[in-house]
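J.: Structure of the sequence below:
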Amino acid sequence: MLDRSAAARDDNKPAKGADVVEAIRELSSRELLPLVQKIDTEAYYPEAVMRAYGRAGGYACHLPGETPPDLVTAINAMAAAGEYCLSTSFCVWCQDALGWYIFASDNERLKVTLGQRVATGDALGGTALSNPMKSFFGIEGMRLRGKRVDGGYVVRGLLPFVSNLGDDHYFGAVFEVEEGGKRNVMAVVPCASEGLTLADNTKFVALDGTRTFAVQMRDVFIPDGLILADPCDDYIKRIRAGFVLLQAGMAFGLIRDCINLMQQVKGPLGHVNKYLDVQPEHVAEQLQAMESAVAKLAATPFETDPGYWRAVIEARLVAGEASVTAAHAAMLHCGARGYVATGAAQRRLREAYFVAIVTPATKQLKKMLADMAH
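T.: Predicted structure coming up:
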C-alpha cells in the first residue's frame, strides 16, 4: 500500500495536510515565483519545481489506500501553486489525476511500482481523458482504437492535446476495443513507448509551459500490467468525481491571487475602483462559499448517488465561471498597470479562461446538467 508520508517526512513523522500545503506554498514562493514570466512568455516547463512538489508530499495525500483519500489537502496544495501560476497548477492537477487513476484501480502491482513513483514526483505525467470525457457524454467520438494481442493491446489513434508530458512521462488513456462487442479499456501509457510520438505544434494564449502535445499512437503496445480497468465503464464512474473536484484547486489559487491584485491597488486607485460592481470582498465571500462546498463534496469522492454527481458538476461550473469573473474584475481594478505585457492581471485573465474551457468545459457542464434534467 502507499506510504503517503514517504515523500514528506520530518524526523520520521508523517506529514499533515496543513504541513503539505504550507510546504507547497513555500516552494512556490521561493522556486516558482521567479519563473512565472518565463513560463508565461517562453513556454518554460518548471520540471524541477514539479518534482520538488512531489518530494514535499503534494501528490500523495489524495490517493486511495488504507486511509480515506484526502482530496481537500490536494486541492489546497494545488491552489498554493495556482496563487502564483495557473500553468504550474494545471500540471499539478495532471499529476494528481494520474496518481488518482492508478490508486483507484484494482492493479495492485502498478500501485507499488509506477504508482509510488508518481506519488513522490519521481515519475511525472498527465491525463488523456479529455476525449473520453467528451465521448461518454455524446460530444465527440473515441479517438483511440485498441486490438487485443498476446499479453496486452495494440493501440492506434491521435489525441490533439495531452499535458504534463515528456519523453520519460506517462499518461492515462482510454481506447475502444471492438472484438467480442464494443467496450472501452483504460490504461497507463509510457511516452517512451515504441510507435508513440509527441508533436508540439500549437501555441496557446496562456499555459504554454504545460508540455502540452499532440500524441500520435501507431500500433503502440500496451501490456496487461499497465491496464487500469477492462472494461472501464464502472471504473470511470468511480474516478470521475475526484477527477472533476481536484480541478477546483486551479480555480481557488487563481481567484485568491485576483483578490490580492485588487487589494494591492486599493491605495492608489480605491477612490475610483469603489464604483466598480465587483469588489474584492465580494469575490472573497464567494471563494469561501466555494471552498466549503467543494470540501464537503471532496469528503466522499466515491459516492454513487446521482444527486452527488450533479452537485459535483454544479460546483465545477461555478468554479470556472467564478475564475473568469474574478480575473475580469482584477483587470478592471488594476487598469493600465495590469494591461502591460508583464502585468499580472492580464496574465490572470488569459489563464482564467482555461479554467472555463478545460474538460469538462463550461458548455459541457451545462449540457451534462441539461441531460440530467431529462
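J.: Report how many residues lie close to residue 41.
T.: 13 (other CB atoms under 10 Å). In this view, the C-beta of every residue, glycine as well, is placed from N, C-alpha and C.
J.: swap in residue 268?
T.: Count around residue 268 with other CB under 10 Å applied: 11.
J.: and it, helix, strand or coil?
T.: Following DSSP: H, G, I helix; E, B strand; the rest coil, we place residue 268 in the helix state.
J.: Helix, strand, or coil at residue 29?
T.: Residue 29 ends up helix, using three-state DSSP.
J.: Correct me if wrong: it contacts residue 84.
T.: Yes - if you go by CB atoms under 8 Å, residue 29 and residue 84 touch, sitting 7.3 Å apart.
J.: Please pull out the lowest mean pLDDT helix or strand from this structure.
T.: The least trusted helix or strand in the chain, going by mean pLDDT, DSSP states H and E, turns out to be strand 9-10, with a mean of 38.
J.: Break down the stretch 1-150 of the chain into its strands, ranges please.
T.: 9-10, 13-14, 125-127, 144-149 (DSSP state E, counting those that start in this stretch).
J.: ok, of those, where does mean pLDDT dip lowest?
T.: Ranked by mean pLDDT, the strands of the stretch 1-150 of the chain bottom out at strand 9-10, which scores a mean of 38.
J.: mind listing what the most centrally placed residue in the chain touches?
T.: Residue closest to the average C-alpha location in the chain (CA atoms, centre = their mean): residue 93, at 2.5 Å. Residue 93 sits next to 78, 246, 247, 249, 250 when contact means CB atoms under 8 Å, 6 or more residues apart in numbering.
J.: What residues does the closest residue in space to the last one that isn't next to it in sequence make contact with?
T.: The reference is to residue 250. Spatial nearest neighbour of residue 250, excluding adjacent residues (CB to CB, 6 or more residues apart in numbering): residue 89 at 4.8 Å. With contact set as CB under 8 Å, 6+ apart, residue 89 has these partners: 78, 79, 81, 82, 249, 250, 253, 254.
J.: one step back: please produce TSV containing the contacts of residue 93, extended by secondary structure and distance to residue 72.
T.: As requested, those are exported to TSV (DSSP: H, G, I helix; E, B strand; the rest coil; distance: CB to CB, whole Å):
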residue	secondary structure	distance to residue 72
78	helix	11
246	helix	10
247	coil	14
249	helix	10
250	helix	15
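J.: May I ask which of those has the most neighbours?
T.: That'd be residue 78 among the contacts of residue 93, by other CB under 10 Å, with 31 neighbours.
J.: distance of it from residue 46?
T.: 14 Å (CB to CB, to the nearest Å).
J.: Residue 26 too?
T.: 15 Å.
J.: between these two, which one's more packed in?
T.: Using other CB under 10 Å as the criterion, residue 26 and residue 46 rank with residue 46 on top: 23 against 12.
J.: and that one, what pLDDT?
T.: On the pLDDT scale, residue 46 gets 98.
J.: does it really touch residue 209, like I thought?
T.: Yes - using CB under 8 Å, residue 46 is in contact with residue 209, at 6.9 Å.
J.: Overlap in contacts, those two.
T.: Common contacts of residue 46 and residue 209 (CB under 8 Å, 6+ apart): 39, 88.
J.: pretty sure residue 101 contacts residue 239?
T.: Yes - contact criterion CB under 8 Å: residue 101 and residue 239 qualify, at 6.3 Å.
J.: Comparing the two, which residue is more hemmed in?
T.: residue 101 (29 against 24).
J.: Contacts only, for that one.
T.: 127, 172, 186, 188, 228, 239.
J.: residues contacting residue 45?
T.: So residue 45 contacts 39, 91, 166, 209, 210, 211 (CB under 8 Å, 6+ apart).
J.: distance of the closest residue to the fourth one other than its chain neighbours from residue 63?
T.: I take that to be residue 209. Once flanking residues are discounted, residue 209 sits nearest to residue 39: 3.8 Å by CB to CB, 6+ apart. Residue 39 sits 27 Å away from residue 63, taking CB to CB as the criterion.
J.: And residue 107, by the same measure?
T.: 13 Å.
J.: So the two - more neighbours on which side?
T.: Using other CB under 10 Å, the more surrounded residue of residue 107 and residue 63 is residue 63, with 26 against 22.
J.: roughly how far apart are the nearest residue to the more buried one once chain neighbours are set aside and residue 127?
T.: Distances taken as CB to CB, 6+ apart place residue 103 nearest to residue 63, at 4.2 Å, with adjacent residues excluded. Applying CB to CB, the value for residue 103 to residue 127 is 14 Å.
J.: Kind regards, and thank you for your time.
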